[in-house]
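Engineer: sequence plus the predicted model coming up.
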Amino acid sequence: MAFDVQVVIDCAEPARLAEFWAAALDYQAQPPPPGYASWDDLLREMGVPEEQWGSRSAVVDPDARGPRIFFQHVPEAKSVKNRLHLDVRAGGGLRGDERRNRLREEVQRLAGLGAEEVRTMDEMGEHWIVMRDPEGNEFCVT
(Lines give C-alpha, C1' and ligand atoms only; values in the text may rest on other atoms or scores of the structure.)
Protein backbone atom coordinates (compact mmCIF):
# COMPACT_ATOMS: atom_id res chain seq x y z
CA MET A 1 0.00 0.00 0.00
CA ALA A 2 1.40 3.43 -0.94
CA PHE A 3 0.83 6.56 1.12
CA ASP A 4 1.30 10.21 0.34
CA VAL A 5 3.28 12.10 2.97
CA GLN A 6 2.37 15.51 4.30
CA VAL A 7 4.45 17.49 6.80
CA VAL A 8 2.39 19.82 9.02
CA ILE A 9 3.92 22.91 10.57
CA ASP A 10 2.15 24.87 13.31
CA CYS A 11 2.80 28.59 12.92
CA ALA A 12 1.62 32.14 13.51
CA GLU A 13 1.53 33.26 9.85
CA PRO A 14 0.80 30.39 7.45
CA ALA A 15 1.02 32.44 4.23
CA ARG A 16 4.35 34.00 5.20
CA LEU A 17 5.90 30.69 6.20
CA ALA A 18 4.52 28.95 3.10
CA GLU A 19 6.11 31.64 0.93
CA PHE A 20 9.48 31.14 2.64
CA TRP A 21 9.44 27.35 2.34
CA ALA A 22 8.22 27.42 -1.26
CA ALA A 23 11.23 29.58 -2.18
CA ALA A 24 13.62 27.57 0.03
CA LEU A 25 12.63 24.21 -1.47
CA ASP A 26 11.77 25.26 -5.04
CA TYR A 27 8.16 24.33 -4.26
CA GLN A 28 5.05 26.27 -5.24
CA ALA A 29 1.88 27.35 -3.50
CA GLN A 30 -0.67 24.60 -3.88
CA PRO A 31 -3.16 25.65 -6.54
CA PRO A 32 -6.89 25.51 -5.77
CA PRO A 33 -8.82 22.41 -6.84
CA PRO A 34 -10.14 22.17 -10.41
CA GLY A 35 -13.21 24.31 -10.95
CA TYR A 36 -12.04 27.12 -8.63
CA ALA A 37 -10.16 30.22 -9.75
CA SER A 38 -8.87 30.81 -6.20
CA TRP A 39 -8.85 29.36 -2.70
CA ASP A 40 -11.11 32.26 -1.66
CA ASP A 41 -13.72 31.03 -4.14
CA LEU A 42 -13.62 27.53 -2.64
CA LEU A 43 -13.70 28.77 0.96
CA ARG A 44 -16.59 31.11 0.17
CA GLU A 45 -18.55 28.24 -1.39
CA MET A 46 -17.79 26.03 1.63
CA GLY A 47 -19.12 28.74 3.98
CA VAL A 48 -15.80 29.24 5.80
CA PRO A 49 -15.92 32.62 7.62
CA GLU A 50 -13.57 35.18 6.03
CA GLU A 51 -11.63 35.67 9.27
CA GLN A 52 -10.45 32.04 8.94
CA TRP A 53 -9.33 32.24 5.30
CA GLY A 54 -5.68 32.91 6.14
CA SER A 55 -5.43 30.23 8.81
CA ARG A 56 -3.92 27.61 6.50
CA SER A 57 -1.62 27.35 3.52
CA ALA A 58 0.20 24.61 1.68
CA VAL A 59 3.13 24.20 -0.69
CA VAL A 60 3.83 21.33 -3.06
CA ASP A 61 6.72 20.00 -5.07
CA PRO A 62 6.01 20.88 -8.72
CA ASP A 63 7.68 17.59 -9.72
CA ALA A 64 5.45 15.65 -7.28
CA ARG A 65 8.47 13.94 -5.67
CA GLY A 66 8.56 15.59 -2.25
CA PRO A 67 5.88 15.77 0.43
CA ARG A 68 3.18 18.41 0.62
CA ILE A 69 3.93 20.86 3.43
CA PHE A 70 0.87 22.22 5.23
CA PHE A 71 1.01 25.29 7.47
CA GLN A 72 -1.69 25.82 10.06
CA HIS A 73 -2.22 28.75 12.36
CA VAL A 74 -1.98 28.06 16.08
CA PRO A 75 -2.50 30.68 18.80
CA GLU A 76 0.49 29.80 20.97
CA ALA A 77 4.02 30.96 20.18
CA LYS A 78 6.87 28.52 19.56
CA SER A 79 8.52 27.94 22.94
CA VAL A 80 10.90 24.96 22.67
CA LYS A 81 13.21 23.25 20.20
CA ASN A 82 11.51 21.38 17.37
CA ARG A 83 11.12 17.64 17.86
CA LEU A 84 11.04 17.27 14.07
CA HIS A 85 12.81 19.41 11.51
CA LEU A 86 13.41 19.61 7.79
CA ASP A 87 16.84 19.21 6.20
CA VAL A 88 17.66 21.17 3.08
CA ARG A 89 20.05 18.78 1.35
CA ALA A 90 22.33 21.04 -0.65
CA GLY A 91 25.55 19.01 -0.45
CA GLY A 92 24.51 16.42 -3.01
CA GLY A 93 27.39 13.96 -2.65
CA LEU A 94 30.07 16.66 -2.54
CA ARG A 95 32.99 16.30 -0.10
CA GLY A 96 35.47 18.54 1.70
CA ASP A 97 35.81 22.21 0.82
CA GLU A 98 33.59 21.84 -2.23
CA ARG A 99 30.73 20.64 0.01
CA ARG A 100 31.38 23.32 2.65
CA ASN A 101 31.34 26.02 -0.02
CA ARG A 102 28.10 24.70 -1.50
CA LEU A 103 26.45 24.65 1.94
CA ARG A 104 27.68 28.18 2.64
CA GLU A 105 26.14 29.38 -0.67
CA GLU A 106 22.82 27.80 0.26
CA VAL A 107 22.90 29.34 3.74
CA GLN A 108 23.42 32.76 2.18
CA ARG A 109 20.49 32.20 -0.21
CA LEU A 110 18.20 31.10 2.62
CA ALA A 111 19.28 34.02 4.81
CA GLY A 112 18.27 36.29 1.94
CA LEU A 113 14.80 34.72 2.11
CA GLY A 114 14.50 35.47 5.83
CA ALA A 115 16.18 32.53 7.58
CA GLU A 116 18.74 32.99 10.35
CA GLU A 117 21.97 31.05 10.71
CA VAL A 118 22.34 29.50 14.18
CA ARG A 119 25.53 27.43 14.18
CA THR A 120 27.86 25.27 12.13
CA MET A 121 28.20 21.64 13.15
CA ASP A 122 31.04 19.18 12.57
CA GLU A 123 30.41 15.78 14.15
CA MET A 124 31.34 12.20 13.28
CA GLY A 125 32.84 13.25 9.95
CA GLU A 126 29.73 15.20 8.92
CA HIS A 127 29.32 18.93 8.35
CA TRP A 128 26.00 20.82 8.43
CA ILE A 129 24.59 24.23 9.31
CA VAL A 130 21.65 24.81 11.64
CA MET A 131 19.27 27.62 10.70
CA ARG A 132 15.88 29.01 11.76
CA ASP A 133 13.03 29.87 9.42
CA PRO A 134 11.25 33.24 9.79
CA GLU A 135 9.21 31.93 12.74
CA GLY A 136 12.15 30.36 14.56
CA ASN A 137 11.69 26.74 13.50
CA GLU A 138 15.05 25.00 13.28
CA PHE A 139 16.17 23.27 10.12
CA CYS A 140 19.52 22.08 8.80
CA VAL A 141 21.41 22.68 5.59
CA THR A 142 23.22 19.42 4.88
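Structural biologist: Yes, it's here. Numbering: from 1, shown residues only.

Engineer: every contact and neighbour count from this point should use C-alpha atoms.
Structural biologist: Noted.

Engineer: what sits against the residue nearest the centre of the chain?
Structural biologist: Residue closest to the average C-alpha location in the chain (C-alpha atoms, centre = their mean): residue 21, at 3.4 Å. Residue 21 is in contact with 27, 59, counting by C-alpha atoms under 8 Å, 6 or more residues apart in numbering.

Engineer: please report phi then psi for it.
Structural biologist: Dihedral angles of residue 21 (phi, psi; degrees, to the nearest 10) stand at phi -70, psi -30.

Engineer: try the one 10 residues further on
Structural biologist: The phi and psi torsions at residue 31 (degrees, to the nearest 10) take the values phi -70, psi 160.

Engineer: how many neighbours does it have?
Structural biologist: Residue 31 has 13 neighbouring residues, counting by other C-alpha atoms under 10 Å.

Engineer: what about residue 98, which helix or strand?
Structural biologist: For residue 98, the host element (DSSP states H and E) is helix 96-112.

Engineer: the protein: helices as residue ranges?
Structural biologist: Here the chain has its helices, by DSSP state H, at 14-25, 39-46, 96-112.
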